[in-house]
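Chemist: Pasted the sequence and its predicted model underneath.
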Amino acid sequence: MERQGLKIREIYEKLEAYDKQTVTVEGWAKTIRDQKAFAFIHLSDGSQFKPIQLVVNREAVDNYDLVVRAGTSAAFRVSGILHVTPEAKQACEIEVTSIEVVGESPADYPLQPKRHSPEFLRTIPHLRPRTNLFQAVFRLRSETAYAIHEFFHERAFVYVHTPILTGNDAEGAGEMFRVTNFDLGQPPRTDSGEIDYHEDFFAKPMMLTVTGQLHVEAFAQSFGNVYTFGPTFRAEHSNTPRHAAEFWMIEPEIAFADLEDNMNLAEDMMAFVLDKVLHRCPQELEFLNQFVDKTLIKRLETQSKAKFEKISYTDAIKLLEKENHRFKYPVSWGCDLQTEHERFLTEELFHSPVFVRDYPAEIKAFYMRLNEDGKTVAAMDGLVPGVGELIGGSQREERADYLDAMIRKKGLEPADYAWYQILRRYGSTKHAGYGVGFERLLMYLSGVNNIRDVLPYPRTTGQALY
């Protein structure tokens, strides 16, 4: 078997070393331009955003006509002499000495070289990674995920794989997907006619998780600093550009920590990720800056150095009430903030990312620590320009009696959370954590304004291809 060729990324990284040398590369044709006597092929192998140019001379190869008819996205194995071309538009080109058509791409290939709408590309998610837009987005996704792990690893956090199947509704909203191996047409029933979950696979109702938080909290009470980063699921009928039924969450949890420590960690994480993406994805960001959001690079560079403003929910409401005439959803104390309010705070009022803290207990989850005023909880939302809410977190309620009271007040079943309450009996500490919707973060980093376009295979209400 022939040895695999060089990666195009390797060639660009060591251009001078490969100048005038024979190299072998493998990849897919982004474009093929036939000039009759010679052809230009832009070849991409996925190792970096920028393709490499091939120059195919009819006299140099014996399969010229087959090559130029192979079609856009045809796969090739190519050998030739690399020429560094600093005076030309491209940094180098390969003078082809042999070229093998590994896989043809017929004329019915749906992604011919022209602009395609994101809506059309969503109908063919198996092919859209071949387009420039999604090459940029999904490499950005990969590098961002790596930066997240890098950030926590450098700070000695333990990475915990929390379960996808759970019996707990951590958010108390009931928007969860049930999991069963019953025949839905004939599920077993009790004498009273209710579904008998004792006969189900897990012998009780089970759901797909909406968060790994509760489970990772247990590890924080042993390892101190931990995080989970994995898929979560929400059965929300929200057909908006910001919501998906399946998405990924970054969720750190820190022991012996309060809300201030929590905000500092989130701010540090954001600065770290922005810096890494700016340095590691320059070609992708340049493309996105040109074709998606012309302010992207400047915004990211500015935000990578920016500090989060901090404001209480109560003070934020006072400021927003003065602008109620301009909002679709007027605000008042006790309401949840909408995207329009969040973006006003970040983009027009503070011109920076913002932490809003100390929300009314009534609109937040049961596990958040009750403040001394008895009305608010030690919660925080991190808002960023262009997106709105990106980070949501809190100091957790470490007092067993307060936690029990809140579980009952929210109408939850105490027995379902017995294990979670027990953590407050054995060496309980103050602790805090937050969650970041990974796809929301990618929207912020890419300028892409629809969550469906930063997910490889989006699952939204009414849509789940493949």
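Modeler: Cool, got the structure.

Chemist: tell me the contacts of the residue located most distally from the centre of the chain?
Modeler: Distance from the C-alpha centroid of the chain, by C-alpha atoms, centre = their mean, peaks at Glu59 (48.6 Å). Glu59 makes contact with Ala37 under the criterion C-beta atoms under 8 Å, 6 or more residues apart in numbering. Where C-beta positions appear, they are placed from N, C-alpha and C, glycine not excepted.

Chemist: So it lies in a strand, does it not?
Modeler: No. If the criterion is DSSP: H, G, I helix; E, B strand; the rest coil, then Glu59 is coil and not within a strand.

Chemist: While we're on it, how confident is the model there?
Modeler: On pLDDT, Glu59 comes in at 96.

Chemist: quick one, phi/psi of it?
Modeler: Phi and psi for Glu59, reported as degrees, to the nearest 10, are phi -80, psi -20.

Chemist: so how far is Glu95 from it?
Modeler: Using C-beta to C-beta, to the nearest Å, we find Glu59 at a distance of 12 Å from Glu95.

Chemist: Also Phe49?
Modeler: 23 Å.

Chemist: got it, and Ala37?
Modeler: 14 Å.

Chemist: Phe49 and Glu95: which is more packed in?
Modeler: Counted by other C-beta atoms under 10 Å, Phe49 and Glu95 do not tie: Phe49 has more neighbours, with 20 against 16.

Chemist: what about the nearest residue to that one once chain neighbours are set aside, helix or strand, and which?
Modeler: Counting by C-beta to C-beta, 6 or more residues apart in numbering, Gln283 is the residue found nearest to Phe49 once chain neighbours are left out, at 4.0 Å. Take DSSP states H and E as the rule and Gln283 turns out to sit in helix 282-291.

Chemist: cool, Gln395 as well?
Modeler: strand 388-395.

Chemist: Pull the residues that contact that strand.
Modeler: 242, 257-259, 262, 266, 270, 337, 339, 342-343, 346, 364-365, 367-369, 377-384, 430-437, 440-441, 444.

Chemist: Mind telling me what element Leu278 is part of?
Modeler: Applying DSSP H and E as the criterion places Leu278 in helix 259-280.

Chemist: Can you list the buried residues in that helix?
Modeler: Buried residues in helix 259-280, counting neighbours by 16 or more other C-beta atoms under 10 Å, are found at 259, 262-263, 265-267, 269-274, 276-277, 280.

Chemist: Looking at those residues, spot the one nearest Glu199.
Modeler: Distance ranking of these against Glu199, using C-beta to C-beta, places Asn262 first at 42.9 Å.

Chemist: In the stretch 201-350 of the chain, what residue spans correspond to strands?
Modeler: With DSSP state E, counting those that start in this stretch as the criterion, the stretch 201-350 of the chain has strands at 206-208, 225-233, 246-255, 309-312.

Chemist: Mind putting the ones you listed into TSV with distance to Asn132 and mean pLDDT?
Modeler: Formatted as TSV, the strands of the stretch 201-350 of the chain follow (distance: least, C-beta to C-beta, whole Å; pLDDT from 0 to 100):
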stretch	distance to Asn132	mean pLDDT
strand 206-208	34	94
strand 225-233	27	97
strand 246-255	24	97
strand 309-312	36	98
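
Chemist: returning to that earlier point: check the burial of the residue nearest to Phe49 by counting its neighbours.
Modeler: Using other C-beta under 10 Å, Gln283 has 14 neighbouring residues.
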